[in-house]
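Undergrad: with the sequence up front, the predicted model follows.
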Amino acid sequence: MNQTHQHGQLTGEQFGLAGLDIPEVVPLNEPADGIPSVISTPRGLRNAIARLSEAGGPVAVDTERASGIRYGQRAFLVQLKRGDSGIILIDPEAFEDLTELNDALAGTEWVIHAATQDLPCLRELGLNPDFLFDTELAARIAGFDRVGLGAMVERLLGFKLAKQHSAEDWSKRPIPEDWLVYAALDVEVLIDLRDALEEELRAQDKLAFAAEEFAYLAAAPDRPAPRDPWRKTKGIHGIRNRRQLTALRNLWYERESLAEKKDVAPKRLLPDAALIQAARQMPRSVPGILAVPGFQTRALKREATRWVRAVNEALADDNPVPYTTPAEGPPPMKAWQTKRPRSYELFQEAKTAVHTLAEQMSIPQENLLTPDTLRRLCWEPPEPANSHNIADRLAQLGARSWQIDLVVPTILPTFTGTLKV
């Protein structure tokens, strides 16, 4: 393909075709080689591995999930394309894992759009890239305002991708043909997009920044599960006391367990509003729990004793959960002015300096330095606050070398001026 989109309407005269207007964006309706069959047999997988092994260059990788429909974030389709391998579509549900693909792709750069979304489910399948190029992250570092795959393909390659199937139930079998077209096209153009973005990053002298970010992403472990995830239940501020809060916790974990068993998204099984109301009313009997709106579906009625047990255990708990838990990291910003006014001033001035630098570099501020990293640095600034100590502290907080090299000279006057070092 290798077509870089030039802005502006093209005309037939440019191609010796007088009177013919050529559209600025060309709809991409199906893969060049047609729609491949979905691989679901050991023999098909072996053939795919052979094709990937024999092909050269980076490999385009994508996945389709059933977020908000099935439990968890596992992949229900894996799409790959490397060199002249053709597009490969694999049904991961047909295999215990896909670790055999790793040997075929050893030492190969994986091109993924928004890798933080795909890497966790790929790793669940035993797939791990040695090298990575994230086209979404590359677009951010290059300063593009719209970084979705469709927007980037349209802007840099001149093709219009249909994106209407992104939120489908990809666990459906067989997968409809128009869905497969959508999935295949995502990897059809990904290598060309990678090449266009590499050229853009090189022109802006940002390619080294992006390479460091890609290496960090490829090596970073998946994010740990959040502590007390039930505290994110929508409507939790309506809970009136610790006993009700304990009931909510118990009900949340019972919903999680049942959702995993039934392979359905927890909120699809039982909405948060039902959990909150049950926790506030704390019904102690089956008729009581079944009177709470949301608990009347056939699947939930059969599990009525599960919910009653959760409430009764909360009533009997000798140690109801506290309203709050110890904070991980600095407290909310509103507490800084009274607790640590010096840190508050540091953060306000440093934030302004980083924001200015980000605008000058045409890099989103959160990609130049995450707000959480800057907060942690300012909450406990190193002493003495010299460039070496600030750089060391940022490295401890996970900042990459390119971020440190850019940010430290920018914020150093703030720290030295405030701390008078």
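TA: Alright, I've got the coordinates. Numbering: from 1, shown residues only.
Undergrad: alpha carbons only for contacts and neighbour counts from here, please
TA: Noted.
Undergrad: can you tell me the helix or strand for the nearest residue to Val181 once chain neighbours are set aside?
TA: Spatially, and ignoring its direct neighbours in sequence, Val181 is nearest to Glu30 (5.7 Å; C-alpha to C-alpha, 6 or more residues apart in numbering). Glu30 belongs to no helix or strand when assigned by DSSP states H and E.
Undergrad: do you know the pLDDT at Glu30?
TA: Note for Glu30: predicted pLDDT of 90.
Undergrad: Thr11 now?
TA: Looking at Thr11, its pLDDT reads 43.
Undergrad: what is the least confident helix or strand in this structure?
TA: Across the helices and strands of the chain, mean pLDDT, DSSP states H and E gives its lowest value to strand 10-11, namely a mean of 42.
Undergrad: Asp228: neighbour count?
TA: The number of residues packed near Asp228 is 9, by other C-alpha atoms under 10 Å.
Undergrad: also Asp222?
TA: The burial count for Asp222: 12, using other C-alpha under 10 Å.
Undergrad: so when I look at it, I'm seeing a helix, right?
TA: No. Asp222: not assigned to a helix; according to DSSP: H, G, I helix; E, B strand; the rest coil it is coil.
Undergrad: my guess is it contacts Pro120. True?
TA: Yes. Between Asp222 and Pro120 there is a contact under C-alpha atoms under 8 Å: 6.3 Å.
Undergrad: which SS class is the residue positioned nearest the centre of the chain?
TA: Centroid check for the chain by C-alpha atoms, centre = their mean gives Gln117 as the closest residue, at 3.4 Å. The local conformation at Gln117, judged by three-state DSSP, is helix.
Undergrad: residues contacting it?
TA: Residues near Gln117 by C-alpha atoms under 8 Å, 6 or more residues apart in numbering: none.
Undergrad: how confident was the prediction at it?
TA: Gln117 is given a pLDDT of 94.
Undergrad: same thing with the one 10 residues further on?
TA: The score at Leu127 is 97. That number is its pLDDT.
Undergrad: distance of the nearest residue to it once chain neighbours are set aside from Leu105?
TA: Of all residues not flanking Leu127 in the chain, Thr99 sits nearest, at 5.7 Å (C-alpha to C-alpha, 6+ apart). As for Thr99, its distance to Leu105 is 10 Å (criterion: C-alpha to C-alpha, to the nearest Å).
Undergrad: those two: who's more crowded?
TA: Leu105 (24 against 15).
Undergrad: how about low-confidence regions in the stretch 251-400 of the chain?
TA: Along the stretch 251-400 of the chain, no part satisfies pLDDT under 70.
Undergrad: all strands for it, in order.
TA: Counting by DSSP state E, counting those that start in this stretch, one finds no strands in the stretch 251-400 of the chain.
Undergrad: helices of that one, residue ranges please.
TA: Along the stretch 251-400 of the chain, counting by DSSP state H, counting those that start in this stretch, helices occupy 266-269, 272-281, 286-290, 298-301, 304-316, 336-339, 341-361, 365-368, 371-379, 387-396.
Undergrad: roughly how far is the fifth one from the heart of the chain?
TA: Relative to the centre of its chain, helix 304-316 is centred 35 Å away, using C-alpha atoms, centre = their mean, to the nearest Å.
Undergrad: does anything pack onto that helix? Which helices or strands?
TA: helix 242-262, helix 286-290 (3 or more C-alpha pairs under 8 Å, 6 or more residues apart in numbering; DSSP states H and E).
Undergrad: how about the longest one?
TA: Contacts defined by 3+ C-alpha pairs under 8 Å, 6+ apart place helix 341-361 against helix 336-339, helix 365-368, helix 371-379, helix 401-419.
Undergrad: how is this protein carved up into domains?
TA: As assigned by automatic domain parsing, the chain contains the domains 10-219, 229-316, 333-419.
Undergrad: and stretch 274-289, end to end?
TA: For stretch 274-289, the first-to-last residue distance is 10 Å (C-alpha to C-alpha).
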